[in-house]
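**Q** coords please:
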Amino acid sequence: MEQVETSERAPARRVGRVVRHPSPREYVRIAVVLAVVTAAEVAVYYVDWVHEHGLLIPLLFLFALIKFSLVVLWYMHLRFDSRTYARFFVMGLAGALTLYMAVLLMFRTFSG
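**A** As a prediction, the model looks like this:
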């Protein structure tokens, strides 16, 4: 069984059988960053310049990618778990994106 170290100065990588785990302070920091990114998403929607230059969708995708990455890495613990779990997650994500693109292209083809 692996020991989990929760101190702020815990090693960032595996050392023997000790695995670093985020502290409550780190969880709060990530939550604040997520709140700031969400506020930026809402603010970007109300900026006319962004709409005029067609940047709304790319910016919202960028913000979504940032939030997705933070949630997966910290709250789902992929940053601190075995690389095997990360590989399974990435394979599932790649499969889902491939399926999404296939369906998107299929409906575009058959829409007339």
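**Q** can we go C-alpha only for contacts and neighbour counts from here?
**A** OK.
**Q** Spell out, range by range, the helices that occur in the protein.
**A** 24-45, 48-52, 56-70, 83-110 (DSSP state H).
**Q** Distance to residue 76 and mean neighbour count added to these, as CSV?
**A** Below are the helices of the chain laid out as CSV (distance: least, C-alpha to C-alpha, whole Å; neighbours: other C-alpha atoms under 10 Å):
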stretch, distance to residue 76, mean neighbour count
helix 24-45, 11, 14
helix 48-52, 33, 12
helix 56-70, 9, 15
helix 83-110, 10, 12
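**Q** Break this structure down into its structural domains.
**A** What automatic domain parsing lists as the domains of the chain is 3-81, 82-112.
**Q** I'd like these as CSV, with mean pLDDT appended.
**A** CSV is the format used below for the domains of the chain (pLDDT from 0 to 100):
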stretch, mean pLDDT
domain 3-81, 82
domain 82-112, 85
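**Q** Pick out the residue nearest the middle of this protein.
**A** The residue lying closest to the centre of the chain (C-alpha atoms, centre = their mean) is residue 69, at 1.6 Å.
**Q** Check the spacing between it and residue 77 real quick.
**A** Residue 69 sits 11 Å away from residue 77, going by C-alpha to C-alpha, to the nearest Å.
**Q** List the contacts of residue 75.
**A** By C-alpha atoms under 8 Å, 6 or more residues apart in numbering, the residues touching residue 75 are residue 27.
**Q** how much space between it and residue 30?
**A** Distance from residue 75 to residue 30, by C-alpha to C-alpha: 9 Å.
**Q** Likewise for residue 80?
**A** 15 Å.
**Q** do the same with residue 81
**A** Counting by C-alpha to C-alpha - residue 81 and residue 30 are separated by 18 Å.
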